[in-house]
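> Fold the following for me, if possible:
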Amino acid sequence: MLQKKVRAVTACLLVWLLTLPGAWVAAQTTTPPTGAAFSLKNGDRVVFLGNSLFENDLQYGYLELALTTRWPDRNVTYRNIGWTGDNVFGEARSYITNPPTPYDLLIEQLTKAKPTVVFVAYGGIEAQEGEAGLPRFTEGLHKLLDKINELGAKAILLSPIPVMSAEPGTTAPRNAMLERYGAAIARTASERGLRYIDIFKPIQEISRKTSVSDNGIHLNEAGYYYLASALENGLGLPARQEVHTINASKSGNTASAPVKLVVSESDKSSLKFTMDAPYLPLTPPKEDGRVMGNGQTIRITGLKKGFYTLTADGAQVLTASAKQWAEGVALTQGPLMAQASQLREMIVKKNELFFHQYRPQNRTYIVGFRSYEQGRHVKGLEDLNFIITWLEGQIALRRMPPSPVYQLSQLN
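Down below sits the predicted model:
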């Protein structure tokens, strides 16, 4: 049965892969230990370990997209082994098989991922135990961090996120307890010289401005978009929003780096330029038909009154008035956004495949105490590595930002 399912998944995935352009091209409060900005290097293996905060991002891919695009020239492997309802003791990971115990399974999965960097997100489930559960939680967190240290990996601790809505009268006390657990995580990070990122306050603040949850507890697509930004900020990385200025006055065109003007002797009626983006943008989600957030913003001053269309390598991007260009227009579409969107789609596909590999629905029958019945299907799970590796190669090919030639022309 599993072999049929794996073949079906593989077939569907191959069909999807073959439709990709160029598919056959070769392969806020933080306590950083040193105060330096975070960085990934070639060969790093990043693991997301925690509860639903990480597992639910499997369907969006924002956290991996953020880190992948920040260092497009480096080969980094990502594995998401978040598990809904999990705590530092791995109690949600229980199978009928015993041994391994749930905690043994957590450590087994973590070890198999061969991490060099582990983002740890616990405390949300444990906070339901209240003040009385804090000592046990802290003890379990230290034990888990000891194991991560034994594996030679570097741990980065995250706070829980807030409850955005709950039964009347319960939101405030639940959030107060979540903050108490967040403070315990921060103390643990400080004691061990680890980086701690408070995502509680950034998510709580943005939730007052826009909808980041559909049920008041778990983040939706928009929530993960903003969580990725909060994570980057907590890692000490510069903001992605960049404003580039071009002066198109009669006295002569000028531009601020990284914009480079392209002089065309054959066409002096339009403005041509290139922008060397350091990385792809985060593709913003849509809410109520409106694109949220900003990527690169272009300000073009000195234009005559009228409307102007911007193209990239000949393809239309957007049209705006001279006044709007002077105020600044966000590039919420175009080749960079299109490539980032495709990259995120591939990340989601890769993670979906890995999810089915490391968490098969009938694990007990394949590798558990009833493996004598269906243990032969282990080979099918192992074979998924070929497609996962292929997808990672395709992700590597698409993580570098393109350098299109932009052209701004006035509408007649």
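
> Neighbours of residue 386, how many?
Neighbour count of residue 386, defined by other C-beta atoms under 10 Å: 10. C-betas here are computed from N, CA, C, even on glycine.

> give the contact list for it.
By C-beta atoms under 8 Å, 6 or more residues apart in numbering, the contact set of residue 386 is empty.

> Look at it and tell me its secondary structure.
Under DSSP: H, G, I helix; E, B strand; the rest coil, residue 386 falls in the helix class.

> Packing partners of the lengthiest helix in the chain?
Using DSSP state H, we find that the single longest helix of the chain is helix 335-358. Applying 3 or more C-beta pairs under 8 Å, 6 or more residues apart in numbering; DSSP states H and E, we find helix 335-358 packed against helix 2-18, helix 62-70, strand 77-80, helix 378-398.

> do you know how far the closest residue to residue 341 other than its chain neighbours is from residue 273?
Nearest non-adjacent residue to residue 341, counting by C-beta to C-beta, 6 or more residues apart in numbering: residue 283, 4.6 Å away. From residue 283 across to residue 273, the span is 23 Å (C-beta to C-beta, to the nearest Å).

> Just want to know which of those two has more residues nearby.
residue 283 (26 against 18).

> and residue 228, what pLDDT?
Looking at residue 228, its pLDDT reads 96.

> Let me fix that, I meant to ask about residue 255.
76.

> Tell me if I'm right that it and residue 248 touch.
No. Contact criterion C-beta atoms under 8 Å: residue 255 and residue 248 do not qualify, at 9.2 Å.

> Contacts only, for the residue nearest to residue 341.
Counting by C-beta under 8 Å, 6+ apart, residue 283 has contacts 65, 337, 340, 341, 344.

> which of the residues you listed has the most neighbours?
Counting by other C-beta under 10 Å, top hit in the contacts of residue 283: residue 65 with 29 neighbours.

> Roughly how far does that residue sit from residue 75?
Taking C-beta to C-beta as the measure, residue 65 falls 16 Å from residue 75.

> can you check residue 209 too?
37 Å.

> what's the answer for residue 310, then?
34 Å.

> And residue 171, by the same measure?
43 Å.

> ok, residue 320 - how many residues close by?
When neighbours are counted by other C-beta under 10 Å, residue 320 comes out with 19.

> Leaving out the residues flanking it, which one is nearest to it?
residue 329 (5.0 Å).

> is the one you found in a bridge, and if so with what?
Beta-bridge partners for residue 329, by DSSP bridges, are residue 298.

> so it sits right up against residue 307, yeah?
No. Look at residue 329 against residue 307 with C-beta under 8 Å: they stay out of range, at 11.8 Å.

> So which of these two has more stuff around it?
residue 329 (21 against 15).

> what's near enough to touch that one?
Counting by C-beta under 8 Å, 6+ apart, residue 329 has contacts 297, 298, 299, 310, 318, 320.

> For the stretch 151-300 of the chain, which residues score under the pLDDT cut-off?
250-252, 264-269, 287-295 (pLDDT under 70).

> so where do the helices sit in it?
171-192, 200-207, 221-234 (DSSP state H, counting those that start in this stretch).

> Dump those into JSON lines; add distance to residue 398 as well.
Compiled in JSON lines, the helices of the stretch 151-300 of the chain are given as follows (distance: least, C-beta to C-beta, whole Å):
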{"stretch": "helix 171-192", "distance to residue 398": "34"}
{"stretch": "helix 200-207", "distance to residue 398": "28"}
{"stretch": "helix 221-234", "distance to residue 398": "18"}
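
> contacting residues around stretch 403-412?
248, 262, 269-277, 300, 303-304, 306-314, 317, 319, 325, 334-336.

> For PyMOL, write the selection for the buried entries among those.
Selecting only the buried entries of those in PyMOL, with 16 or more other C-beta atoms under 10 Å as the criterion:
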select buried, resi 248+271+272+273+274+275+277+300+303+308+310+311+312+317+325+334+335+336
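
> returning to what we had before: compare the helices of the stretch 151-300 of the chain and give me the one nearest residue 46.
helix 221-234 (11.7 Å; C-beta to C-beta).

> Alpha carbons only: can I get that closest one in PDB?
Output in PDB follows, covering the C-alpha atoms of helix 221-234 (Å, rounded to 0.1, in the frame of the first residue of the first chain):
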ATOM      1  CA  GLU A 221       0.200  32.600   5.700                       C
ATOM      2  CA  ALA A 222       0.500  36.300   6.600                       C
ATOM      3  CA  GLY A 223       1.600  35.300  10.100                       C
ATOM      4  CA  TYR A 224       4.500  33.300   8.800                       C
ATOM      5  CA  TYR A 225       5.400  36.100   6.400                       C
ATOM      6  CA  TYR A 226       5.800  38.500   9.400                       C
ATOM      7  CA  LEU A 227       7.400  35.800  11.500                       C
ATOM      8  CA  ALA A 228      10.100  35.400   8.900                       C
ATOM      9  CA  SER A 229      10.800  39.100   9.100                       C
ATOM     10  CA  ALA A 230      10.800  39.000  12.900                       C
ATOM     11  CA  LEU A 231      13.200  36.100  12.800                       C
ATOM     12  CA  GLU A 232      15.600  37.900  10.500                       C
ATOM     13  CA  ASN A 233      15.500  41.000  12.700                       C
ATOM     14  CA  GLY A 234      16.200  38.800  15.700                       C
END
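
> Much appreciated, bye for now.
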